[in-house]
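>>> Sequence first, predicted model second:
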Amino acid sequence: MPRPSATTVFGCFTLGYFMSFFFRSANAVIARDLSADFGIGAAELGLMTSLFFVAFAAMQLPIGAALDRFGPRIVTPLVMLLGVAGASTFALAPSFVVLAIGRALIGAGMACGLMGLLKAFSDWFAPARVTTIAGIAVGIGALGGLAASAPLAQLNAVVGWRTIFGYAAIITMLIAIAIWFFTANSQTPHSHSQVAPLPIGVVSGFGAIFSDLRFWRIGMLNFFMIGTTQAIQTLWGGPYLVDVIGLSKIAAGYPLLALSLGVALGYFSSGWLADRYGTWRVVPPIYGVFLLSQIPMVLPGFVPPAALMYLLYGLFGYTGAFNLLLLGQTRSLFPVTISGRAMTACNLFAFLGTALIQGILGVIISQFPADSHGAYPHVAYVSAFQFAFVGCLVVGLFYLPMARRALK
């Protein structure tokens, strides 16, 4: 067996994150098929899709403690096995309940993708390079969202979503095996065995994290920033294009492709910009553009032209991806001995945000009557997106004083 290298560590963990992004984004493309096959409406669709993020969030604190204790090479592939079981269950689901269980298992199984990657890279790469390298890896991984847009729409029209998820389960299994056999926790043998054992209970170390107001300023921004981005990218962005803009299911995949490409480019460039200018100088203006990109979608009575949606979705995805820098800010606030727990605690906010915002948007949309084709009116989406926009604005104002102090 070849000795693990930085290249294999980078490749294996990046592939794992690719699948995480693919799974979380897929429902935006197959939403109409799921609604038709299982006879479900917007509220049920939002609930089922959000279960990925509920399970994902529930796994974050235990995963953070496990990563600090056992390392990413052990924890990540074991957790991914839940994703294999979930994708298989989703592909074979005979009912909505089983489909929802499969979706939740996928979320639990993908919960270690980003955190395992960041933890591994922090041990394999020099501190001055970690942010840039992590940004490149997450950018590549975010191409999983791109794969779950127009390409998935085309493939779904040919083979169907069940076959796609069956093969996705096999691919996930192969990546988990590769991480287990071809990576290591760090370049220093047995580095994780030298970490002091955790006291009983996985909450050890979280008290210092959750009692810090600075953490809450970052965490709440992460809650709405990535929560809103993923709620639209992974579900409601597709139905909006079909119901409001008037695109076909396949044509809707192309603006979603622009959104996913924007996310990938955002991840690629965020690390480089942060290393060059500092995260505290980069995040506030980027977040301002993130807010501006939502305005055309929350204006009552204004239906954006189809061509404009490419720009709006691309800009929305690009700026939303800069939430990655919030994890680095969180890591910088706490000692290295609890860095895994600090980052997963911040990531917990991101996926709680996605689960709750995604579900709430579905509830709001479902309050308006659908037409005979199952399409919801423009006002339903405006009302839902306004909720997310106001939340983003409020937490941005809550975060801003901390950014100003950091720049003094």
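Happy to help now that I have it.
>>> How many residues are close by the closest residue to Leu15 other than its chain neighbours?
Of all residues not flanking Leu15 in the chain, Ile175 sits nearest, at 4.9 Å (Cβ to Cβ, 6 or more residues apart in numbering). For every residue, glycine as well, the C-beta is placed using N, CA and C. Burial measure for Ile175: 24 neighbouring residues, criterion other Cβ atoms under 10 Å.
>>> quick one: buried residues of the helix or strand where Ile175 lies?
Under the assignment given by DSSP states H and E, the secondary-structure element containing Ile175 is helix 161-182. Applying a neighbour-count criterion of 16 or more other Cβ atoms under 10 Å, one finds 161, 164-166, 168-169, 172-173, 175-176, 178-179, 182 buried in helix 161-182.
>>> what about the helices in the stretch 51-200 of the chain?
Secondary structure of the stretch 51-200 of the chain (DSSP state H, counting those that start in this stretch): helices located at 72-92, 96-109, 113-124, 127-141, 143-147, 150-159, 161-182.
>>> Out of these, the one nearest Gly262 is which?
With Cβ to Cβ as the criterion, Gly262 lies closest to helix 143-147 of the helices of the stretch 51-200 of the chain, at 9.6 Å.
>>> Show me what that closest one is packed up against.
In this structure, helix 143-147 makes packing contacts with helix 6-25, helix 249-277, judged by 3 or more Cβ pairs under 8 Å, 6 or more residues apart in numbering; DSSP states H and E.
>>> I'd like those helices laid out as JSON lines, including mean neighbour count.
Supplementary listing: the helices and strands packed on helix 143-147 in JSON lines, determined by neighbours: other Cβ atoms under 10 Å:
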{"stretch": "helix 6-25", "mean neighbour count": "24"}
{"stretch": "helix 249-277", "mean neighbour count": "22"}
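>>> now the ones you listed as CSV including distance to Gly113?
Shown next, in CSV, are the helices and strands packed on helix 143-147 (distance: least, Cβ to Cβ, whole Å):
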stretch, distance to Gly113
helix 6-25, 4
helix 249-277, 13
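>>> Using TSV, please lay out these together with mean pLDDT and distance to Val138.
Rendered in TSV, the data for the helices and strands packed on helix 143-147 read as follows (pLDDT from 0 to 100; distance: least, Cβ to Cβ, whole Å):
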stretch	mean pLDDT	distance to Val138
helix 6-25	92	6
helix 249-277	88	4
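>>> Any idea which of these gets closest to Ala57?
Of the helices and strands packed on helix 143-147, nearest to Ala57 by Cβ to Cβ is helix 6-25, at 12.2 Å.
>>> Next SSE downstream of the closest one?
With DSSP H and E, the next secondary element past helix 6-25 is helix 27-38.
>>> Using PDB, write out the CA atom coordinates for that next one.
Below are the C-alpha coordinates for helix 27-38, written out as PDB (Å, rounded to 0.1, in the frame of the first residue of the first chain):
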ATOM      1  CA  ASN A  27     -33.600  17.700  -5.000                       C
ATOM      2  CA  ALA A  28     -33.900  21.100  -6.700                       C
ATOM      3  CA  VAL A  29     -33.700  19.300 -10.100                       C
ATOM      4  CA  ILE A  30     -35.900  16.300  -9.300                       C
ATOM      5  CA  ALA A  31     -38.400  18.100  -7.100                       C
ATOM      6  CA  ARG A  32     -41.300  17.900  -9.600                       C
ATOM      7  CA  ASP A  33     -40.600  14.200 -10.200                       C
ATOM      8  CA  LEU A  34     -40.700  13.500  -6.500                       C
ATOM      9  CA  SER A  35     -43.900  15.500  -6.100                       C
ATOM     10  CA  ALA A  36     -45.500  13.600  -8.900                       C
ATOM     11  CA  ASP A  37     -44.300  10.100  -7.900                       C
ATOM     12  CA  PHE A  38     -45.300  10.400  -4.200                       C
END
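>>> how about that helix: buried residues?
For helix 27-38, a neighbour-count test (16+ other Cβ under 10 Å) marks 27-35, 38 as buried.
>>> Now for Pro401: which residues touch it?
The neighbours of Pro401, taking Cβ atoms under 8 Å, 6 or more residues apart in numbering as the test, are Arg217.
>>> roughly how far apart are it and Ala55?
34 Å (Cβ to Cβ, to the nearest Å).
>>> again with Tyr277
36 Å.
>>> related to what we said a few turns ago, of the buried residues of helix 27-38, just say which sits nearest to Ala370.
Proximity of the buried residues of helix 27-38 to Ala370, judged by Cβ to Cβ, is greatest for Ser35, which lies at 10.0 Å.
>>> Now Arg103. Nearest residue, chain neighbours left out?
Leu51 (4.8 Å).
>>> same question, Trp161
In space, not counting the residues next to it along the chain, Trp161 is nearest to Ile30; the distance is 4.5 Å by Cβ to Cβ, 6+ apart.
>>> you'd agree the one you found is up against Leu152?
Yes: Ile30 is in contact with Leu152 according to Cβ atoms under 8 Å; the separation is 7.5 Å.
>>> quick one: which helix or strand includes Gly359?
For Gly359, the element it lies in under DSSP H and E is helix 339-366.
>>> How far off centre is that helix?
9 Å (Cα atoms, centre = their mean, to the nearest Å).
>>> average pLDDT for the following helix or strand past it?
Sequence order places helix 378-407 as the next helix or strand after helix 339-366, per DSSP H and E. Computed over helix 378-407, the mean pLDDT rounds to 93.
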